[in-house]
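1. Coordinates for the following, if possible.
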Amino acid sequence: MKDIKVLGTGCPKCKTLEKMTREVVEKNGIDATITKVDDILEIVQYHVMSLPALIVDGKVVIKGCVPSAEEIRKAIEN
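-> Model prediction:
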């Protein structure tokens, strides 16, 4: 099971990344738990300076943009 975290403080881009990530996981039947992290102190622990960011199994795979659904799928599966 993949552990996915969407880092963001609640801006429109952060909300879009969370929504798209949930859709990609559901559409592709990926076994994962998705957590939205909006606590700035927790976000800082990932050393991410630009939001939103996508964390898969503790590793930053996307940051500072809203990628396409295909880019999200690839980031999760790799």
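
2. what pLDDT does residue 48 get?
-> With respect to pLDDT, residue 48 has a value of 91.

3. Show me where this structure has its strands.
-> 2-7, 32-37, 53-56, 59-63 (DSSP state E).

4. Format those strands as CSV; extra columns: mean pLDDT, mean neighbour count and distance to residue 77.
-> Using the backbone N, CA and C atoms, a C-beta is placed for each residue, glycine as well. Shown next, in CSV, are these (pLDDT from 0 to 100; neighbours: other CB atoms under 10 Å; distance: least, CB to CB, whole Å):
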stretch, mean pLDDT, mean neighbour count, distance to residue 77
strand 2-7, 98, 20, 9
strand 32-37, 98, 16, 10
strand 53-56, 98, 22, 9
strand 59-63, 96, 16, 10
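
5. and these as a markdown table, adding distance to residue 44?
-> Output for those, formatted as a markdown table (distance: least, CB to CB, whole Å):
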| stretch | distance to residue 44 |
| --- | --- |
| strand 2-7 | 10 |
| strand 32-37 | 11 |
| strand 53-56 | 11 |
| strand 59-63 | 13 |
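
6. Can you tell me which of those is nearest to residue 19?
-> strand 2-7 (9.3 Å; CB to CB).
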